[in-house]
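Asker: quick one: sequence and predicted model below, then my questions.
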Amino acid sequence: MNACLKFTKGLSTANRPLLIQSPNISRCNSSSWSSAGVDHSSSLSSVPFYGTPRRAASSERTLQDRVAIALHHATTAFADPTRADAVAALGEITGPATLQRIHDKMMEDPTGRLILKERPIVSKSTIPYERLIAQAPDVVDDADSTITFGQAYGSFLKSHGFDPDERDEVKFVEDDTLAYIMLRYRQCHDFWHALTGLPPTVLGELGIKWLELFQTGMPVAALSCTVGSLRLDSREREILLGSYLPWAIRASQDSRCFLMNMYYEKEFDTPLDELRRRLNLEPAPAMKP
């Protein structure tokens, strides 16, 4: 595995896990995103549809324990950003307050509540993986209005050899609901690549991380943006600051939906252009190699 690929895997929320939260992100219109006939106001199910709930932690960690774990994994992640396990653990230890804010925003939205009730998991056994790969074009042409979101997502997985089953389990978040939100955040990462058109290069991952930062406020995304930027050469840094960062700000301010409130698995057959229009999400600027 070359150095660039190792580094981008470390950047991707654990495998691919922001300090500020944009006040301008509006919430989805409930009539646009809810599924017909679903009682969105019902309480969260204690047993997710995909199987047995996550086993509860034997005991809550003390503040001293959490600080020690955070320092250990922060040191590891700064020294070697390709260590996805350290990035993942750091995201979990530093994220509870932000995860609670994400939970509150999801509970304010019909689709967000549905996601928290059903707790979908992204894996080969829960999505039409074989169909998505079989129908995926070799290259996604943004000028082709017939390309579906599922084809774009399948193309991203196929062309880069990614496996939706490779996500790390959540280990350091005691609350079961917040642990699911952390997992969902990680599993949406590849959906966001397909939605924005950003490749899994160092620059592409940093563009996604800036979008995640402005959208979710996860501290570990801020870490990825900071550490990742230090490894760019002058031309790459100019592209990041001159193109991708302004795009991420615009995309967060203009989006009609908090991206964690999107039930992506129900949109595989939706044309990519249509989905972007509904979200008012501009694709990332295309950069020549």
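Answerer: Received the coordinates, thanks. None of these values were measured; they are calculated from a predicted model.
Asker: so where's the stretch 1-150 of the chain shaky on pLDDT?
Answerer: The stretch 1-150 of the chain contains residues with pLDDT under 70 at 1-95.
Asker: contact partners of stretch 144-153?
Answerer: Contact partners of stretch 144-153, identified using C-beta atoms under 8 Å, 6 or more residues apart in numbering, comprise 128, 131-132, 135-137, 140-141, 190-191, 194-195, 197, 264, 267-273, 275. (Each C-beta comes from the backbone N, C-alpha and C, glycine too.)
Asker: okay, and which of the residues you listed map to helices?
Answerer: In helices, judged by DSSP state H, the following of these are found: Arg131, Leu132, Gln135, Asp190, Phe191, Ala194, Leu195, Leu272, Asp273, Leu275.
Asker: so who does the fifth one touch?
Answerer: The reference is to Phe191. Neighbouring residues of Phe191 by C-beta under 8 Å, 6+ apart: Val122, Tyr153, Met262, Tyr264.
Asker: which residues touch the first one?
Answerer: So that's Val122. Contact analysis of Val122 by C-beta under 8 Å, 6+ apart lists Pro164, Arg167, Gln187, Cys188, Asp190, Phe191, Glu265.
Asker: for those, which one is nearest Ser252?
Answerer: In terms of C-beta to C-beta, no member of the contacts of Val122 lies closer to Ser252 than Cys188, at 15.0 Å.
Asker: who wins for neighbours among the ones in helices among the contacts of stretch 144-153?
Answerer: For those, the largest neighbour count, defined by other C-beta atoms under 10 Å, is 27 neighbours, found at Leu195.
Asker: could you find the closest non-adjacent residue to that one?
Answerer: Nearest residue to Leu195 in three dimensions, chain neighbours excluded: Leu281, at 6.6 Å (C-beta to C-beta, 6 or more residues apart in numbering).
Asker: pLDDT at the one you found, what is it?
Answerer: At Leu281, the pLDDT value in this model is 94.
Asker: I'd guessed Thr98 sits against Met218; true?
Answerer: Yes: Thr98 is within contact range of Met218, at 5.4 Å (criterion: C-beta atoms under 8 Å).
Asker: nice, that's everything, thank you.
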